[in-house]
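J.: Here's a sequence, model it:
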Amino acid sequence: MEEHFGITIENLLLGDHETYWRDLYPFLELNGYTLRPRYHPDWKPVWPPPPNITIAETEDWIGLPLYRSRMIDAKRISDGKLVMLKAIPATSTELDICRYFSSEPLCDDPRNRCIPLLEEMSHPDDPNVCLMVMPYLRNIDQPPFDTVEDILECGEQILDGLSFMHEHNVAHRDCAYRNVMMDVTAMYPSGYHPLHWRRLADAATPAPTLPRSSVPITYYLIDFGISTRFSQDEPSKLVLGIDGLEDTVPELSKTVPYDPFKTDVYILGALFRQEFLMKFSNVEMMAPLVASMMAQDPVACPDAAAALEAWRLMRTQTPAWLRRWRAKGRDESLLSSIFRDALVLIATALMTHA
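T.: So this is what the prediction gives:
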C-alpha cells in the first residue's frame with residue numbers, strides 16, 4: 001500500500017462517526033448551514049499529497065475527534081458565523097434547559113451565561129433526535145490568559161452566570177473545565193479554523209489574534225446533560241447521583257440526598273484552583289475564597305451569590321498594577337520570568353511614548 005510520510009489514503013478516509021454528518025450535509029445546507037469540505041458527499045482525499053504542502057495543512061487530515069462524534073462545527077450560510085451542531089435526544093434535559101435559558105426574557109438578561117440555543121431542527125430521518133445550533137466556543141485557555149485581569153474577569157462572569165442559573169432554580173451539576181467556555185470571535189478579526197485555532201480557515205495560515213484584554217470576551221456555561229431544574233415552590237431542592245467531570249466533590253452520593261447548588265460552587269472552586277491558582281503565581285489573592293468554595297462540609301461553603309460578592313470585593317481590592325500585569329506561569333524559571341517581565345515593561349514604555 002502506497003505511503004507518504006507513513007500515511008496511507010485509508011488514514012484520511014471518514015470514520016463511522018463522520019459519515020453520520022456527511023449524510024446530513026444536503027439537509028443542513030438546505031436549512032442554512034454548511035459543513036467543511038471534508039463532509040461534502042462528493043469529497044475524496046487528494047492522493048498522492050501535493051508536494052508543496054503537508055497533509056496536516058489540508059482538510060484531508062483534519063477529521064472530527066471521536067469524543068465529538070455527535071457534535072460538529074459548521075458555518076451559517078447567511079452570515080458566515082461559525083456554529084456548533086449537536087445531535088441530542090429530543091426529550092433530553094439538556095435541550096429543555098437550553099430552551100429555557102434561551103427564551104424571553106431570560107435570553108436578554110446580561111447575566112445569562114448559559115450557551116444560547118440559536119436554532120433547533122428535527123433530524124430528517126429520526127424524529128427522536130434534535131439538532132441543536134449553538135455558538136462555536138473554545139476552552140477558556142485557548143488562547144492562554146494574558147493578564148491577571150483576564151483571569152479575574154473570567155471568574156466573575158462565570159460566577160455571575162452560575163448565580164443567575166441558581167436564581168432561576170437550575171443547578172448545573174457539572175460546571176467543570178470542559179463545560180466552561182468562551183466566545184473568542186472578537187479576538188480573531190479574520191476568523192480561525194475550528195479545530196486548529198491558531199490558524200485561519202485554510203488550516204495553514206497563522207490566524208491574526210488580538211489580545212484578550214483588548215476586546216470583549218463572553219464566557220459561557222454549557223452542557224446541561226445532568227443539570228436539574230426545580231419548580232419555584234419545590235420544598236426540598238436536593239438530588240442524588242455521582243455523575244460529573246469533577247470527582248473530588250465530597251457529598252456526591254447515590255443514596256444520601258445533597259444540595260446541588262452547593263455542589264456547583266465546589267466544582268467552580270475546583271476549576272479556579274486547577275486553572276488559575278495551580279497555573280499562575282500572581283493570583284494568590286483568590287486563594288482564601290477558592291478554599292472556602294471547596295469546603296469539605298457543604299454547610300460551610302458559600303452559595304453562588306455570596307461567592308460572587310466575595311469575588312467582586314477581592315477583584316476591587318487587587319491593586320490596579322497587579323490586575324494589568326501579565327499572568328505569570330508557575331512553571332517559569334526565574335530567568336524566563338525576568339525576561340518576560342522586561343518585555344512587558346519595554347512594550348508598555350513604547351506604547352506610552354507612541
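J.: buried ones in stretch 24-33?
T.: Buried positions in stretch 24-33, judged by neighbour count with 16 or more other Cβ atoms under 10 Å: Leu24, Tyr25, Leu28, Tyr33. Just so you know, the C-beta spots here come from the backbone N, C-alpha and C atoms, and that holds for glycine as well.
J.: Would you state the helices of this structure in chain order?
T.: Using DSSP state H, the helices of the chain run over 16-22, 25-30, 93-101, 148-167, 260-272, 287-293, 304-317, 320-324, 334-352.
J.: closest one to Ser78 among those?
T.: Between Ser78 and the helices of the chain, the shortest separation by Cβ to Cβ is 12.3 Å, and it involves helix 25-30.
J.: Mind checking the pLDDT average for that closest one?
T.: Throughout helix 25-30, pLDDT has a mean value of 98.
J.: List of residues touching it?
T.: Contacts of helix 25-30 with the rest of the structure, by Cβ atoms under 8 Å, 6 or more residues apart in numbering, involve Thr34, Leu35, Tyr39, His40, Pro41, Ala74, Ile77, Leu85, Pro124, Leu131.
J.: Could you rerun that using 10 Å?
T.: Outside helix 25-30, the residues that touch it by Cβ atoms under 10 Å, 6 or more residues apart in numbering are 21, 33-35, 39-43, 72, 74, 77, 85, 121, 123-125, 131, 133.
J.: quick one: which of those sit in strands?
T.: Tyr33, Thr34, Ile72, Ala74, Leu85, Met121, Leu131, Val133 (DSSP state E).
J.: quick one, what contacts the fourth one?
T.: The one in question is Ala74. Residues in contact with Ala74 (Cβ under 10 Å, 6+ apart) are 21, 24-25, 28-29, 32-36, 39, 81-85, 131, 133, 136, 194.
J.: again with Ser102
T.: If a contact means Cβ under 10 Å, 6+ apart, then Ser102 has Asn112, Cys114, Ile115, Pro116, Leu117, Leu118, Glu119, Glu120, Met134 as its contacts.
J.: Any chance of a ChimeraX selection covering the buried ones in these?
T.: Only the buried entries of the contacts of Ser102 go into this ChimeraX selection, using 16+ other Cβ under 10 Å:
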select :112,114,115,117,119,120,134
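J.: which among the contacts of Ser102 gets closest to Ser163?
T.: Closest to Ser163 out of the contacts of Ser102 is Asn112 (11.0 Å), distances taken as Cβ to Cβ.
J.: isn't the closest one right next to Glu104, touching?
T.: No - contact criterion Cβ atoms under 10 Å: Asn112 and Glu104 do not qualify, at 11.1 Å.
J.: start to end distance for stretch 61-76?
T.: Terminal residues of stretch 61-76 are spaced 23 Å apart (Cα to Cα, to the nearest Å).
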